[in-house]
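*Asks:* Starting from these lines, generate the structure:
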Amino acid sequence: MIITRTPFRISFAGGGSDLKSFYKKNRYGFVISAAIQKYMYIVIHPYFHNKIRLKYSITEDVNDVSQINHPIIRECLKKVKIENGIEIASFADIPSGSGLGSSSSFTVGLLNALYAYNGSQVSKKKLAKEACEIEIDILGAPIGKQDQYAAAFGDLNSIRFFRDETVEINPLSLSESRTRKLENKICLYFTGGKRNANNILFEQRSNMADEKIFSNMKKLVKLAEISKDTFIKGDLTDIGRVLHDGWELKKSFAKSITNDKINKLYNLFIKNGAIGGKLLGAGEEGFLLIYADDHDKFNEAYGTSSFPLKIDKQGTKIIFNE
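*Replies:* Just a heads-up that it's a prediction; the model follows:
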């Protein structure tokens, strides 16, 4: 049996610039993101019958890879050349469709488990690269690349996406005390529901041809680049302001990114002392990331489901192999 644990992620700045429709035109995209201590777990076990059994939100029991309905599992099995005789199950700390990169954490974690099942040890870079190939190139998902690299590598990183499809990832290497201070200031608030990220991202991708929207994305990249040093040695309060300014820019990328409910809740946070924040992921529903000095009053006042954040330092990891 093999079990992998793969973190979800939050994005602080630059989200959306990892879309091919942007970095191909701009020469590069740039994102500041962090893996968090909320996880996707993949369990693999030999299947007694010479078939494939899958357990996720539904159960599949098929004779060979071509019959699998779940597209990511099907393509991952093809990638590592496993044909049958395997059972795969998945479990997650956070529901899918909530803006924390769950599909990419699933893909990275599954690839990690499947390679280990085959007796291979592969690099985090290879796992991230192949997860991008499966989700974006083979399955045609209109997503970017930050989620796969955040899930594979873990930690708080700056990630640059180049026109030639190469990716440069650099840890920001915060001190332990600075990491704890940052974690004390940020919290996730669940807005309820789930969204279809693909619909929003398709709209955002087509809107990138608009010069005003493209210009706003360039401003978002600049904001991410400026904030890099702030994470390491600047006033962390400025991170809250970066989140706020980035959210104001992000709302211009597609009409469906936000709605009246999200705007009302976000403005309530700001009115009552939050320094900044953003809706994570593509938009519409999911988790609000809020930066504030005191989160206790928000939990009491708004009644939203929330939890503090801890940064994951390890990335995807095999936690059991026997």
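*Asks:* buried sites along the top helix by length along the chain?
*Replies:* Longest helix in the chain, counting residues (DSSP state H): helix 211-233. Residues of helix 211-233 classed as buried by neighbour count (16 or more other Cβ atoms under 10 Å): 213-214, 216-218, 220-221, 223-224, 227-228, 230-231. All C-beta spots, glycine's among them, are computed from the backbone N, C-alpha and C.
*Asks:* Could you list every helix and strand in contact with it?
*Replies:* Secondary-structure packing of helix 211-233 (3 or more Cβ pairs under 8 Å, 6 or more residues apart in numbering; DSSP states H and E): strand 2-13, helix 20-26, strand 28-46, strand 156-162, helix 237-250.
*Asks:* To Ser306, which of those lies closest?
*Replies:* The closest of these to Ser306 is strand 28-46. By Cβ to Cβ, the value is 12.7 Å.
*Asks:* what about that closest one, average pLDDT?
*Replies:* Mean per-residue pLDDT for strand 28-46: 97.
*Asks:* So which elements touch that strand?
*Replies:* Contact analysis of strand 28-46 by 3+ Cβ pairs under 8 Å, 6+ apart lists strand 2-13, strand 86-92, helix 102-117, helix 146-153, strand 156-162, helix 211-233 as its packing neighbours.
*Asks:* how far does the third one sit from the chain's center?
*Replies:* To tie it back to what came earlier, the one meant is helix 102-117. Counting by Cα atoms, centre = their mean, to the nearest Å, helix 102-117 is centred 14 Å from the centre of its parent chain.
*Asks:* Among the helices and strands packed on strand 28-46, show the one with the smallest mean pLDDT.
*Replies:* helix 211-233 (a mean of 92).
*Asks:* on that earlier part again, okay, the helices and strands packed on strand 28-46 in a markdown table with distance to Ala254 next?
*Replies:* What follows is the helices and strands packed on strand 28-46, written out as a markdown table (distance: least, Cβ to Cβ, whole Å):
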| stretch | distance to Ala254 |
| --- | --- |
| strand 2-13 | 16 |
| strand 86-92 | 26 |
| helix 102-117 | 19 |
| helix 146-153 | 17 |
| strand 156-162 | 20 |
| helix 211-233 | 9 |
